[in-house]
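1. Kindly generate the corresponding structure for this input.
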Amino acid sequence: MMSDRSANFKLTDWLGDWESFEHYIDAEDETIRSTWDKAEQAVLANPQMAPMAANGIRKFWAMACSTTSPENIIHIGYWTVGEPENADADVCITWYAEDNTNLDAYDYRIDHVIAHGLEGSPTYVFVTDDSHAEDSPFRWLLTIAPLPSRAAFSEGGLLSHLHFQYANDLHTLIDTDDSGAETLRNPRWYATMCADEGTIEDRCRIIRALHHLD
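-> I've put the predicted structure just below:
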């Protein structure tokens, strides 16, 4: 039976393959590079946003969207999300390095939801109960729901994406005050996964939307 904490969780929005947004940032494709150039020009033209691009807009996003952590120095290239084998879990996530090496694969359950987490949005707090994850940097996972839903792309919408953070210990990621309110310890860390489908142009649409170019 689905618990209250996961009542709004829709596994169908998560299922499938995902790729790191770092691929967009590091891409050598001329169309993507041109899109980044236009994005940088737009940011520099906005006095309030210009500091973001002071050292180059791609460097800014590379810092914000890094998939490494103090506990994990390996860049995460991909996820595969599937149905969990454990009846008490909500989702199964396989973590892959850039060379497709399987880093870890766990069933995760929703421990609770932070009302205002990443992007100030409701943020799922996932944890795996797998005994093999005791020392894994992927034991705890914070993530917003995919936006837009994966089904939106087939209807002409943008590729789905989500932001996440991870750690072995939950207190590495969140701070709890005396009232029990939770806040992110690092609100500027926006590791990001995008649905691994579509074309170069679909990826460019994500970059344009991110900088309000469309």
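2. which one in the protein is furthest away from the centre?
-> In terms of distance from the mean C-alpha position of the chain, residue 178 ranks first, at 29.0 Å (CA atoms, centre = their mean).
3. how about the helices of the chain, start to end?
-> Using DSSP state H, the helices found in the chain span residues 22-26, 30-44, 57-64, 150-154, 200-210.
4. What strands flank the single longest strand found in the chain, and is each parallel or antiparallel?
-> Longest strand in the chain by number of residues (criterion: DSSP state E): strand 102-114. Within its sheet, and counting by DSSP bridges, strand 102-114 is paired with strand 91-97 (antiparallel), strand 123-127 (antiparallel).
5. List the buried residues in the shortest one.
-> So that's strand 123-127. Within strand 123-127, the residues scored as buried using 16 or more other CB atoms under 10 Å are 123-127. The way it works is simple: take the backbone N, C-alpha and C, and place the C-beta from them, glycine included.
6. do the same with stretch 144-162
-> For stretch 144-162, a neighbour-count test (16+ other CB under 10 Å) marks 144-146, 148-150, 152-153, 158-162 as buried.
7. now swap in stretch 70-89 and tell me
-> For stretch 70-89, by 16+ other CB under 10 Å, it's 72, 74, 76-82, 84, 89.
8. Now flag whichever of those is closest to residue 51.
-> Of all these, residue 51 sits closest to residue 76, with 27.7 Å by CB to CB.
9. hey, what's that closest one bridged with?
-> Under the criterion DSSP bridges, residue 76 forms beta bridges with residue 97.
10. going forward, begin numbering at 2 instead of 1
-> OK, 2 is where the count begins now, so the last one is residue 77.
11. Relative to residue 32, how far out is it?
-> Distance, residue 77 to residue 32, by CB to CB, to the nearest Å: 25 Å.
12. Same check on residue 181?
-> As judged by CB to CB, residue 181 and residue 32 stand 48 Å apart.
13. higher neighbour count, these two?
-> The residue with more neighbours, out of residue 181 and residue 32, is residue 32; 13 against 6, by other CB atoms under 10 Å.
14. which residue packs closest to that one, ignoring adjacent ones?
-> residue 201 (5.3 Å; CB to CB, 6 or more residues apart in numbering).
15. Count the residues that sit near that neighbour.
-> 13.
16. just residue 36 next, same as before
-> With other CB under 10 Å as criterion, residue 36 counts 23.
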